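# Structure for this input, please:
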Amino acid sequence: MVTVKELYRNTKTYAGKEIHLAGWVRTARDSKTFGFIELNDGSFFKNIQIVYDDTLSNFSELTKITISSSLRVTGTLVETPEAKQPFEVKATNINIECKSPQDYPLQKKGQSVEFLREYAYLRPRTNLFNAVFRVRSAAAIAIHNYFQSKGYIYFHAPLITANDGEGAGEMFQVTTLDLDKVAELGKVDYSKDFFGKHVGLTVTGQLEGEAFAMAYGKIYTFGPSFRAENSNTKTHASEFWMIEPEIAFCDLEELMNIEEDMLKYIVKDVLEKCPEEMEFLNKFVAPGLIEKLEKLLDSKFTRVTHEEVITILKEAKVDWEFQPEYGEDIAKEHEKYITEHFGGPVFITNWPKDIKAFYMKQNPDGKTVAAVDLEVPGAGELMGGSQREENYDKLITRMKELGMHTEELDWYLNLRKYGGCVHSGFGMGFERLLIYLTGVENIRDVIPFYRTPGNCDF
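Model prediction:
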């Protein structure tokens, strides 16, 4: 059996020869003595046209074939350079494996992304989601290839953990306790829980990743993260995937070099590996998408401090919904303005320490930390990272300032004593990257089965 992708990539090899295909009907039309079927086997973004006539024993049944029916086809590949499609298959036999009923939800008409979310188990069959999830696959492979080619160790961070790496208290709790009995008692005895303590699903694998970076030098995680944040924006989900490299003997400047190099590698690889999908997205989802991504490949990322950004925003003649202030975070509207102001991706460095995590390297000014956010046109913040605080005493002091229980992170603090060094790392939300790569605006539409507040279907 040959795949549709093989036929598109090696047409001359199969031209004039008998081939065997299997796939699903995307569209079908017929006349009195012949008919056409657009078949897709999942191997390629494009379909292949099957032509059949009334010499087939089941011709009458084929004229009534429905969308999404599964078929096995035997026929001859015929080149058709004068037609819309480059080739077609003249069928000598078509076996219907499963005829889809007439009430198949995704008929040949335009459906909104909101409607398709109700049929998330079927939406990969549509052109939009076929393209999106194929790009998702290619981008994932590109990420692994980048880090593997640079000598990084792929590290699997635990999904169940007792530490909230971000300190934001937004973890999903993991328990085997009978919650009905807990409610009756009015208190929780965590010593009787499965792990004997309060644990949850991981928000980040960074802390554990730092431990492995102190052994291997360069590591990266690429796995699911969970955040119990009751947010219903287009860029937040309760379950998402994160890429988190940690690099020993690396300062903030070198970290930015790595971030820029990695992003350009991924973008270039996806453009090369998914030309048909990217062309579709460029035409029907986000006009100018390919131009935007190609421009990124040729651009030098701007580096500017948080203080300089706030000054630029304050001096801008814009009626802001949220007023920019020194010492505070920036909003989506500010991110958009800054990337437009500099005409491309922007690294914002040296953030106020009071709005950043405890583990970030404290700058000599006592007010800021060696943190960096990468802002990109059209997607806003894509990566967030920092140089980690390698000084044991400074880290202890900062944790106490924030009211953290240092004994719970003794192992993490010990990394500073047992051969600690200057080290840095960053995190990139995979779905945020996909929003940037595909032009699709909502995180719910770049992850196969999305999990958001109130939504855990399929």
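# So what touches the least confident helix or strand in the chain by mean pLDDT?
Using mean pLDDT, DSSP states H and E, helix 179-185 stands out as the lowest-scoring helix or strand of the chain, at a mean of 90. Contacts with helix 179-185, where a contact means Cβ atoms under 8 Å, 6 or more residues apart in numbering, come from V188. No exception for glycine: its C-beta is placed from N, CA and C like everyone else's.
# neighbouring strands for the helix or strand following it, and are they parallel or not?
Using DSSP states H and E, the helix or strand that follows helix 179-185 towards the C-terminus is strand 199-201. According to DSSP bridges, strand 199-201 forms sheet pairs with strand 160-161 (antiparallel), strand 173-174 (antiparallel).
# could you dump those to CSV with distance to A28?
What follows is the strands paired with strand 199-201, written out as CSV (distance: least, Cβ to Cβ, whole Å):
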stretch, distance to A28
strand 160-161, 49
strand 173-174, 49
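# Would you mind saying which of those lies nearest N391?
Comparing the strands paired with strand 199-201 by their distance to N391 (Cβ to Cβ), the top pick is strand 160-161, with 24.6 Å.
# Just the residues contacting the closest one, thanks.
Against strand 160-161 from outside (Cβ under 8 Å, 6+ apart): V174, F195, V199, G200, L201, T202, E208.
# 10 Å - rerun?
171, 174, 194-195, 199-205, 207-208 (Cβ atoms under 10 Å, 6 or more residues apart in numbering).
# Can you select the buried ones from those residues in PyMOL?
Buried subset of the contacts of strand 160-161, written as a PyMOL selection, criterion 16 or more other Cβ atoms under 10 Å:
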select buried, resi 171+174+199+200+201+202+203+204+205+207+208
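# In JSON lines, list the contacts of strand 160-161 along with distance to S43 and pLDDT.
Formatted as JSON lines, these follow (distance: Cβ to Cβ, whole Å; pLDDT from 0 to 100):
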{"residue": "M171", "distance to S43": "40", "pLDDT": "91"}
{"residue": "V174", "distance to S43": "39", "pLDDT": "95"}
{"residue": "F194", "distance to S43": "43", "pLDDT": "96"}
{"residue": "F195", "distance to S43": "44", "pLDDT": "95"}
{"residue": "V199", "distance to S43": "42", "pLDDT": "93"}
{"residue": "G200", "distance to S43": "40", "pLDDT": "94"}
{"residue": "L201", "distance to S43": "35", "pLDDT": "95"}
{"residue": "T202", "distance to S43": "35", "pLDDT": "94"}
{"residue": "V203", "distance to S43": "37", "pLDDT": "93"}
{"residue": "T204", "distance to S43": "36", "pLDDT": "93"}
{"residue": "G205", "distance to S43": "33", "pLDDT": "93"}
{"residue": "L207", "distance to S43": "41", "pLDDT": "95"}
{"residue": "E208", "distance to S43": "38", "pLDDT": "96"}
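# gap between the nearest residue to M256 once chain neighbours are set aside and S299?
Nearest residue to M256 in three dimensions, chain neighbours excluded: F347, at 5.2 Å (Cβ to Cβ, 6 or more residues apart in numbering). To S299, F347 is 12 Å away according to Cβ to Cβ, to the nearest Å.
# now C456
According to Cβ to Cβ, C456 stands 40 Å off from S299.
# Who has more neighbours out of the two?
Neighbours per residue, other Cβ atoms under 10 Å: of C456 and S299, the larger number sits with S299, 15 against 11.
# Can you get me a residue count around the closest residue to the more buried one other than its chain neighbours?
Closest residue in space to S299, ignoring its immediate chain neighbours: G344 at 4.3 Å, by Cβ to Cβ, 6+ apart. By other Cβ under 10 Å, the residues close to G344 number 18.
# Out of the contacts of strand 160-161, which comes closest to F36?
Taking Cβ to Cβ as the measure, L201 is the one of the contacts of strand 160-161 closest to F36, at 49.5 Å.
# Look up the closest residue to the closest one, ignoring the ones flanking it.
Spatial nearest neighbour of L201, excluding adjacent residues (Cβ to Cβ, 6+ apart): F226 at 3.8 Å.
# Spell out the secondary structure type for E294.
Put simply, E294 is helix when judged by DSSP: H, G, I helix; E, B strand; the rest coil.
# tally of neighbours for it?
Neighbours around E294, by other Cβ under 10 Å: 13.
# May I ask which helix or strand encompasses the residue nearest to M256?
strand 346-352.
# counting contacts, what elements does that strand pack onto?
helix 252-273, strand 302-305, helix 306-315, helix 332-342, strand 368-376, strand 380-387 (3 or more Cβ pairs under 10 Å, 6 or more residues apart in numbering; DSSP states H and E).
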